[in-house]
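Participant: Provided below for reference: sequence and predicted model.
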Amino acid sequence: SIEMVNDCPLELGLLPKMNLVKVALLDIDICGPSIPKIMGIEGEEVHLSGSGWSPVYAEENLSVMSVGFLLSGPDDAVIWRRPPKMVCRMIKQFLCDVQWGEIDYLIVDTPSGTSDEHLSIEINFCHKVKLPVIGGVENMSGFVCPKCKIESQIFPPTTGGADMMCQNLNISFLGKVPLDPQIGKVGKSCDKGQSFVSEIPESPATSSYRNIIQRIQEYCGLHNSQEKLSNQGME
């Protein structure tokens, strides 16, 4: 299963490991690769052999690949003044030439700020080639007061938000991840490779992540079962 995400790869990468599944995390944010720092593996090196790149393991069942591993230092900037084809070629190399091994999930961290228009093009393409789309997630959805627990809409959607977008694109809406000031306090620990999901399990955002991941796992389990039955029928 391949999940395309932005802004929340750390939590999506760390939560599945609780269920002992094998997860690969691919950082294709070419200009701002932050995954190595967030995952606590900054400074690690990847090795290239005749059989391809060897990813860095943040956990026994969590492998990571990022252009950040190819920089000489954490403060080095990645400046791309090459045709888009060159960038696409590097992404393809990360997908095809990395020795991921047998994995249950490949999580691809894309640059943030993708517009609805780009999402529409990508999802419509997936529909045309019959590539299943599990669903969409709304980030920064509302603000939860840590004292009264009342949720306020700081960024009210003007066009219906992710829920309406998912309806228009005929895909499932998996859930919303709210803003939570507690995340801000622990957010600094991202520089240390720590996760607020583990540090603040009672956070509303943590609950949202768990529910979203459960829906993804249920979908993948059902889809894989149907695929196996279909293959058995063709034999």
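Facilitator: Thanks, I have the structure now.
Participant: so which bits of stretch 219-226 are buried?
Facilitator: Within stretch 219-226, the residues that count as buried by 16 or more other C-beta atoms under 10 Å are 219-220. Where C-beta positions appear, they are placed from N, C-alpha and C, glycine not excepted.
Participant: now do stretch 130-138
Facilitator: Neighbour count says stretch 130-138 has 133-138 buried, by 16+ other C-beta under 10 Å.
Participant: and stretch 195-214, by the same measure?
Facilitator: Result for stretch 195-214 [16+ other C-beta under 10 Å]: buried residues 195-197, 200, 203-206, 208-210, 212-213.
Participant: before we move on, the earlier item: quick check: the farthest pair among the buried residues of stretch 130-138?
Facilitator: Val133 and Glu138 (15.4 Å; C-beta to C-beta).
Participant: can I get the helix or strand in which His118 is found in PDB? Just the C-alpha atoms.
Facilitator: Assigned by DSSP states H and E, His118 belongs to helix 116-128. Only the C-alpha atoms of helix 116-128 are listed here, as PDB (Å, rounded to 0.1, in the frame of the first residue of the first chain):
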ATOM      1  CA  ASP A 116      -6.900  21.600  -4.700                       C
ATOM      2  CA  GLU A 117      -6.300  21.900  -8.400                       C
ATOM      3  CA  HIS A 118      -3.200  19.700  -8.300                       C
ATOM      4  CA  LEU A 119      -5.000  17.200  -6.000                       C
ATOM      5  CA  SER A 120      -7.900  17.100  -8.500                       C
ATOM      6  CA  ILE A 121      -5.500  16.300 -11.400                       C
ATOM      7  CA  GLU A 122      -3.700  13.600  -9.400                       C
ATOM      8  CA  ILE A 123      -6.900  11.900  -8.100                       C
ATOM      9  CA  ASN A 124      -8.600  12.000 -11.500                       C
ATOM     10  CA  PHE A 125      -5.500  10.400 -13.000                       C
ATOM     11  CA  CYS A 126      -5.700   7.700 -10.300                       C
ATOM     12  CA  HIS A 127      -9.400   7.100 -11.200                       C
ATOM     13  CA  LYS A 128      -8.500   6.800 -14.900                       C
END
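Participant: fine, thanks again, bye for now.
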